[in-house]
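1. Here is a sequence together with a model predicted from it:
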Amino acid sequence: MKINWLMVLPLVLSLALLGLAANRLINTADNPTRAAATAPLEGSLAPDLDLQPLDRFDLPRREDLQGNGLVMVNFWASWCMPCRAEHPVLTALAEAGTPLYGINYRDAPEDALAFLDELGNPFTRLGADPEARTGRMWGVNALPETLFINNDGVIVLQFRGPLVQRSLRNQVIPALAAAGYDLPVPAAMAGE
């Protein structure tokens, strides 16, 4: 019986890819530093903020994250297309009364300012993280990323991805409600 290698090739490639994926999983699980860097911070006290000023805006401070009820910290950048998609939802949440602190992540200041000039500034306070120091402390993997912090400064929800109406309705509001928190949301966004 003659073997046609073109028929076997997809199986060999699939096994090779599966082996690479398994190797990556094993190495991540065995490396506590790497695993910790990607672990969500939910249930932890919000880390420190190591930010630089962005033009005329006031920097978020550690004390802003405590004693103000539920607050949001959003990591964003002008080069991030999902950040542009989530901007109207962030604006509506800020207008509904939730304090929103922005951290501009690895971005050119002039590009960040142009983004805000074009779309508006929903942030209560805003700082820049050009070298990703704060992002690393906060476990940011990809943009956008929004963290919800309670009155005690504890992260109750770390949401990775764009905060659009659908994710707000289907993921964020239910997760916060399950944790005992109410997010002031305009009725049109909550699907009511």
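-> All right, it came through fine.
2. Need the nearest residue in space to the residue positioned nearest the centre of the chain, chain neighbours excluded.
-> Nearest to the mean C-alpha position of the chain, counting by Cα atoms, centre = their mean, stands Glu145 at 0.8 Å. In this structure, Glu145 finds its nearest non-sequential neighbour in Phe75, 4.6 Å apart by Cβ to Cβ, 6 or more residues apart in numbering. From N, CA and C alone the C-beta is placed, and that goes for glycine too.
3. In three-state terms, label the one you found for me.
-> Put simply, Phe75 is strand when judged by DSSP: H, G, I helix; E, B strand; the rest coil.
4. From the structure, what's the count of residues near it?
-> Residues lying near Phe75 (other Cβ atoms under 10 Å) number 25.
5. Repeat that for Ser78.
-> Counted with other Cβ under 10 Å, the neighbours of Ser78 add up to 20.
6. Would you check that it makes contact with Asp107?
-> Yes - contact criterion Cβ atoms under 8 Å: Ser78 and Asp107 qualify, at 5.5 Å.
7. tell me the contacts of Ile149?
-> By Cβ atoms under 8 Å, 6 or more residues apart in numbering, Ile149 lies in contact with 46, 65, 70-73, 155-156.
8. For the residue nearest to the centre of the chain, give the beta-bridge partners.
-> Phe75, Arg160 (DSSP bridges).
9. I'd guessed it sits against Leu157; true?
-> No - under the criterion of Cβ under 8 Å, Glu145 makes no contact with Leu157, lying 11.1 Å away.
10. Once you drop chain neighbours, what's closest to Thr124?
-> Pro99 (4.7 Å).
11. what about Leu168, distance to Gly69?
-> Separation of Leu168 from Gly69 (Cβ to Cβ, to the nearest Å): 18 Å.
12. Run the chain-centre distance for stretch 104-114.
-> 17 Å (Cα atoms, centre = their mean, to the nearest Å).
13. again, but for stretch 56-65
-> Using Cα atoms, centre = their mean, the offset of stretch 56-65 from its chain centre is 18 Å.
14. for stretch 45-65, same thing?
-> That offset, for stretch 45-65, works out to 16 Å (Cα atoms, centre = their mean).
15. Kindly report the same for stretch 133-148.
-> 5 Å.
16. tell me which residues of stretch 47-61 are tucked away?
-> 47, 49, 51, 54, 57, 59-60 (16 or more other Cβ atoms under 10 Å).
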